[in-house]
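In: Give the three-dimensional model of this entry:
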Amino acid sequence: MEPSKSSDNDSSSENSENEIELIPIIMPGKKTSWEAANIWEKIFIILRTPFRMVLCISNVTIFFLTYFGFIFPLMWARAAWPRLYWFWEGKLYVWLQQFIASWGFTAGYNVYEVGDDITSFCNNDRVLIMCNHQSTADVPMLMAAFQNKGVATRKLLWLMDIMFRWTPFGIIGRNHGDFFIQQGKKTRHLFIGKLKDHLRKTFWNRDRRWVILFPEGGFFYKRIKDSQAYGKKHGFPHTTHVTLPRYGAVKAILEEIGVRKQDNTKDLSDEESNLRKRRSNSQIEHLKEKVRDVRIKKSVTELRPKIEYLIDVTIAYPNRIPLSLFTLLFGSREKCDIAVHYRVFKVNEIPFEDEIKLRDWMYDVYTEKDRLLDNYYHTGQFSDSDVRRPVEFEWKKIITQYIFWFGSFYIQWKAYSWLLYQVWSLCMIPFQ
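Out: Have a look, this model is predicted:
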């Protein structure tokens, strides 16, 4: 195989001498919204841009304040009634994701799903999700794809770069139980240990379902040259559209909360029945068990169901031009469709206990991911059998959410202002 230049200046691919190199097709989304607009549409863009920017920014700021305005009255339940607290917090967390997910839809960027249907994994299954990482728009695109995924949507656990820790979403994520990783060789082992400890304390106690991470460890455009050089030096696969993944976090997660080959996870009902047999038959003990089950979800905290599936997610932007948060805020690209491809693997078939075997397995997965992306960029689809499943948004629901959250912010502002005034007045009584 000889390396040859592709039609994109920033990429390279390997083709045999007898292979005819395909020309990437041009899909909607290559131009800016300004270039693709007529005179009336340009006037509309000028008028909408400042309004859209203010609206999107207010989403984060207004929601951030209103979120904690709803959380503070229930802080007592975090220890006294965890099940109630995390149910309520999860609902607020879902609404935050729906807000951010709607940014792309309102700008004309529609998301559709292809590949394996993951609907059956949305309610009761524990799942590890790993996704390719191209830009700051990847997280909003995943939020858009996941906003109709039922229970799993409010029980996500994100692994994010530590740079997002003190952003509004990061602060809410810390309260939710998300984990922040600092990249670098010096801190890698330290944060892997912290990750395992965090999962032990959080995953079952807060009844999390999906863990989401980006194994590439950074944006594609920042890492691709180093990744290709590393692969060439050590004889690893050459990739063009993804970088070679880092496997430390995946190994740590699966070692800590992943099902193993010898685990008999399907016999949970037998284990649960044995637990029940060991319980006292007295009325008082029975009542205590009922109260405890109301406070915490015992079927999860005692049985600790493990991750049984890994879903490989591939986000594909048209023409190899990723969207960004800036694009979502301003709607600066012409309308286009973003593809989200799924592949499902069973965890007990993944060799995560052996570091070398896990590395090779993940490299194989990402080599296939690279091939899928290459097909998409050249043909507009990952494979000939692709069936598009559009992610639906409803304007009615979006408008209702705006009314609810802006109305809630106004009511909370009045209520907390009055409360602070009363507290201040009481404190000032001795000095009057």
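
In: show me what contacts the nearest residue to Ile62 once chain neighbours are set aside?
Out: Once flanking residues are discounted, Ile62 sits nearest to Phe409: 5.1 Å by CB to CB, 6 or more residues apart in numbering. No exception for glycine: its C-beta is placed from N, CA and C like everyone else's. Taking CB atoms under 8 Å, 6 or more residues apart in numbering as the criterion, Phe409 is in contact with Ile62, Leu65, Thr66, Gly69.

In: hang on, Phe409 in a strand?
Out: No: using DSSP: H, G, I helix; E, B strand; the rest coil, the secondary structure at Phe409 is helix, not a strand.

In: Quick check: the most far-flung residue of the chain relative to its centre vs Ser417, distance?
Out: Relative to the centre of the chain, and counting by CA atoms, centre = their mean, the farthest-placed residue is Gln432 at 54.5 Å. Distance of Gln432 to Ser417, computed by CB to CB, to the nearest Å: 21 Å.

In: And for Glu392?
Out: 39 Å.

In: Contacts for the strand ranked longest in the chain, please.
Out: If you go by DSSP state E, the chain has its longest strand at strand 336-346. For strand 336-346, the surrounding residues in contact (CB under 8 Å, 6+ apart) are 27-29, 104, 108-118, 121, 141-142, 145, 308-318, 323, 365, 368, 372, 376, 382.

In: and these, which of them are in strands?
Out: The members of the contacts of strand 336-346 that map onto strands under DSSP E are 109-115, 309-316.

In: And what about Leu159, helix, strand or coil?
Out: strand.

In: a helix runs through Lys261, doesn't it?
Out: No: secondary structure of Lys261 (three-state DSSP): coil, not part of a helix.

In: who's in contact with it?
Out: Taking CB under 8 Å, 6+ apart, we find Lys261 in contact with Asn348.

In: So which residues of the stretch 101-250 of the chain form strands?
Out: Counting by DSSP state E, counting those that start in this stretch, residue ranges of the strands within the stretch 101-250 of the chain are 109-115, 127-131, 156-161, 179-181, 210-213.

In: Within its sheet, name the partner strands of the longest one and how each one runs.
Out: Within its sheet, strand 109-115 is paired with strand 336-346 (parallel), strand 389-390 (antiparallel), according to DSSP bridges.

In: Same question for the fourth one.
Out: Each strand that pairs with strand 179-181, with its direction, by DSSP bridges: strand 156-161 (parallel).

In: outside of the strand it pairs with, which residues touch it?
Out: Residues outside strand 156-161 that contact it (CB under 8 Å, 6+ apart): 93, 139, 146, 170, 173, 177-183, 195, 202-203, 208-214, 249.

In: angle of it against strand 127-131?
Out: Angle of strand 156-161 versus strand 127-131, following axes from the mean of the first three to the mean of the last three CA atoms, to 10 degrees, is 40 degrees.

In: Just the C-alpha atoms of strand 156-161, please, in PDB.
Out: Provided in PDB are the C-alpha atoms of strand 156-161 (Å, rounded to 0.1, in the frame of the first residue of the first chain):
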ATOM      1  CA  LEU A 156     -26.400   9.500  31.700                       C
ATOM      2  CA  LEU A 157     -22.900   9.800  33.100                       C
ATOM      3  CA  TRP A 158     -20.600  11.900  30.900                       C
ATOM      4  CA  LEU A 159     -16.800  11.800  30.900                       C
ATOM      5  CA  MET A 160     -15.500  15.200  29.800                       C
ATOM      6  CA  ASP A 161     -12.300  17.100  29.700                       C
END
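
In: and the gap between the residue nearest to Ile62 and Phe64?
Out: Phe409 sits 10 Å away from Phe64, going by CB to CB.

In: Gly115 too?
Out: Distance from Gly115 to Phe64, by CB to CB: 34 Å.

In: Determine which of the strands of the stretch 101-250 of the chain approaches Val259 most closely.
Out: Evaluated over the strands of the stretch 101-250 of the chain, closeness to Val259 peaks at strand 127-131, with 10.6 Å, by CB to CB.

In: Report the distance from the closest one to the chain centre.
Out: Chain-centre distance of strand 127-131: 9 Å, with CA atoms, centre = their mean, to the nearest Å.

In: now do stretch 146-164
Out: 4 Å.

In: mean confidence score for it?
Out: What stretch 146-164 shows for mean pLDDT is 89.

In: just the buried members of the contacts of strand 156-161?
Out: The neighbour count (16 or more other CB atoms under 10 Å) marks 93, 139, 146, 170, 173, 177-181, 195, 202-203, 208-214, 249 as buried among those.
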